[in-house]
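Colleague: model the following, please.
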Amino acid sequence: MHAVAMHSPEHPQKSDSQIPSAAVKGRIFDVQTFSIHDGPGIRTTVFLKGCPLRCAWCHNPESIETEPDVGFIPAKCIACGQCTLVCAHEGHTIVEGRHVFQRGFCVRCGACTAECPTGALELAGKEVTAAWVMSEVEKDRMFYERSGGGMTLSGGEPLMQPEFSTALLRLARDSHLHTAVDTSGYAGETVFNRVTALADLVLFDIKMIDERAHRRLTGVSNRPILRNLKRLLREGNGPKVWLRLPVVPGQNDSADAIQNLIDFCASLWGNPRLEAIHLMPYHRLAESKYQEFGKRYFINGTHPPADEDISAIIRRFAERGVPVTRS
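Modeller: Have a look, this model is predicted:
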C-alpha cells in the first residue's frame, strides 16, 4: 500500500494540480450509507483516516492513526487457523484451540483480514481513489434528492488529508450533491480555508473553551480551532455552520466549562451563517472498539450524562438567548 501524506496545521499539503480530482488517492476506514446525523437529509458519510487530536472519549479509535489498524473480535473467531497460514510475521497462533493475536508482530498488511471467514479480523484503513469513493456515494443519489441529503466527510479529521478531501468535494459539487465537512477545525489557515470553501455545510466540533483544559483533554491547543471558526463565520459567502458540543461527564461538563461554552456561543449567535448548535452527550458505544483494536480507553467506566443534566444545560443556553438541541 502506498503512503498517503498526512499534514499538521503548521505544514499544509502542497497541491499537485497535475492530478485529476478523480485520481487523487486517500485513506479511509468506512463509507456509511443512510446516515441521518451528519447533516441535513439522508447522507453518505465518508470516514477518513488520521486525526491530530487525542480526545479521551473518541468514538472512532480506529480513525486516530494514519496507518491501517487491524481489529480482532474474539467472539467471532472460530480458531480455524486461516490467518496463521497467511501471516508472514507470526502475528497469529492457535494455542490449545484458541486464537492468540500478537499485535507486537503485526505489520498491518491486512493479509489475515482478507482470509478470515467470520469477520473476526478486520482491517480499518484502505487507500482508495476519489473516483472510487464517489462511485459508492452516487449509489444513493435518489435518497439525497428526495431528502435534501448528500455527502459528508468525517473521520478522523478530513483536514489531515486536504488534497483528498478537496478532490472529493469538487467531484461531489460537480455532481450537484450537497457537501458537508465534519471537523475539529485544527489546521492551518490555508488548509482550513481550501477545504471548507468547497463545503455547503461545516459541522464544527468545539470541545472546550479554556486553552489549558483543551490541551489536557485533546493533546492540542484550541487557539487555531477558535481562530478558524471566527474567520469562517466572518466570510461573506462561505458555508453554513453547525456547532457540535460534546458533553462528557468528568471531562468537560463542569459548571465553569459549560458557562464558558455558553458565553462563547452567545458571542457568535445571531451570525447568519451559524444555523444550529447541537449538544452531543457522551455514549459508551465505542468502548468495545478500543478492545477490538488493542487501544487503551482512558475514561473506562464513564457513564452517559443523565437526561436531566442535558436538559439543565439546554435551559442555561436558552437563558442567554441561545437555542441548542440535543443531537
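Colleague: pull the longest strand from the chain.
Modeller: Across the chain, the strand with the greatest residue count (assigned by DSSP state E) is strand 25-35.
Colleague: show me how far whatever helix or strand comes next after it is from its chain's centre.
Modeller: Following strand 25-35 in sequence order, the next helix or strand is strand 43-48 (DSSP states H and E). Centroid displacement of strand 43-48 relative to its chain, using Cα atoms, centre = their mean, to the nearest Å, is 9 Å.
Colleague: now stretch 196-205
Modeller: The mean C-alpha position of stretch 196-205 is separated from the chain mean by 13 Å, Cα atoms, centre = their mean.
Colleague: need the residues that contact it.
Modeller: For stretch 196-205, contacts defined as Cβ atoms under 8 Å, 6 or more residues apart in numbering pick out 38-40, 150, 152, 154, 166, 169-170, 173, 178-185, 229, 232, 238-246, 275. Placement of C-beta: from N, CA and C, glycine included.
Colleague: check stretch 90-100 too.
Modeller: Residues outside stretch 90-100 that contact it (Cβ under 8 Å, 6+ apart): 74, 77, 79, 81, 83-84, 101-103, 105-107, 112, 120.
Colleague: in the stretch 51-200 of the chain, which spans are strands?
Modeller: 69-72, 92-95, 98-101, 121-124, 126-129, 150-154, 178-183 (DSSP state E, counting those that start in this stretch).
Colleague: among the ones you listed, which is the most enclosed?
Modeller: When you average the neighbours per residue for each of these (mean count of other Cβ atoms under 10 Å), strand 150-154 leads with a mean of 28.
Colleague: off-centre distance for that one?
Modeller: That offset, for strand 150-154, works out to 10 Å (Cα atoms, centre = their mean).
Colleague: over to stretch 147-154?
Modeller: Centroid displacement of stretch 147-154 relative to its chain, using Cα atoms, centre = their mean, is 14 Å.
Colleague: just the residues contacting it, thanks.
Modeller: 35, 38-48, 137, 143-144, 165, 168-169, 172, 177-182, 200, 203.
Colleague: can you check stretch 136-145 too?
Modeller: With contact meaning Cβ under 8 Å, 6+ apart, stretch 136-145 is reached by 31, 33-34, 41-44, 46, 149-151, 172, 175, 177-178.
Colleague: now the end-to-end length of that stretch.
Modeller: 16 Å (Cα to Cα, to the nearest Å).
Colleague: and what of stretch 103-118?
Modeller: 19 Å.
Colleague: try stretch 83-93
Modeller: 8 Å.
Colleague: can you check stretch 126-140 too?
Modeller: End-to-end span of stretch 126-140 (Cα to Cα): 22 Å.
Colleague: just the buried residues of the contacts of stretch 136-145.
Modeller: The neighbour count (16 or more other Cβ atoms under 10 Å) marks V31, I42, R43, T44, V46, G149, G150, M151, A172, L177, H178 as buried among the contacts of stretch 136-145.
Colleague: just give me the residue right at the centre of the protein.
Modeller: Residue closest to the mean C-alpha point of the chain, counted by Cα atoms, centre = their mean, is G155 at 2.5 Å.
Colleague: restricted to helices, list the contacts of stretch 90-100.
Modeller: Counted as lying in helices by DSSP state H, out of those, are C83, T84, C112.
Colleague: how about those residues in CSV, adding pLDDT and neighbour count?
Modeller: Formatted as CSV, the ones in helices among the contacts of stretch 90-100 follow (pLDDT from 0 to 100; neighbours: other Cβ atoms under 10 Å):
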residue, pLDDT, neighbour count
C83, 97, 26
T84, 96, 17
C112, 97, 25
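Colleague: and which of those is nearest to A213?
Modeller: Nearest to A213 among the ones in helices among the contacts of stretch 90-100, counting by Cβ to Cβ, is C112 at 40.9 Å.
Colleague: measure that closest one to N222 for me?
Modeller: The gap separating C112 from N222 is 39 Å, by Cβ to Cβ, to the nearest Å.
Colleague: ok, N60 next?
Modeller: Going from N60 to N222 by Cβ to Cβ gives 20 Å.
Colleague: pLDDT weak spots in this protein?
Modeller: Residue ranges of the chain with pLDDT under 70: 1-18.
Colleague: next, count neighbours for G238.
Modeller: 17 (other Cβ atoms under 10 Å).
Colleague: same deal with T118?
Modeller: 12.
Colleague: pretty sure it is in contact with I78, am I right?
Modeller: Yes: contact criterion Cβ atoms under 8 Å: T118 and I78 qualify, at 5.7 Å.
Colleague: now for the strands of the stretch 51-200 of the chain, which one comes closest to T190?
Modeller: That would be strand 178-183 among the strands of the stretch 51-200 of the chain, by Cβ to Cβ, at 14.8 Å.
Colleague: and that closest one, what does it pack onto?
Modeller: When contacts are defined as 3 or more Cβ pairs under 8 Å, 6 or more residues apart in numbering; DSSP states H and E, strand 178-183 sits against strand 150-154, helix 162-174, helix 189-196, strand 201-205.
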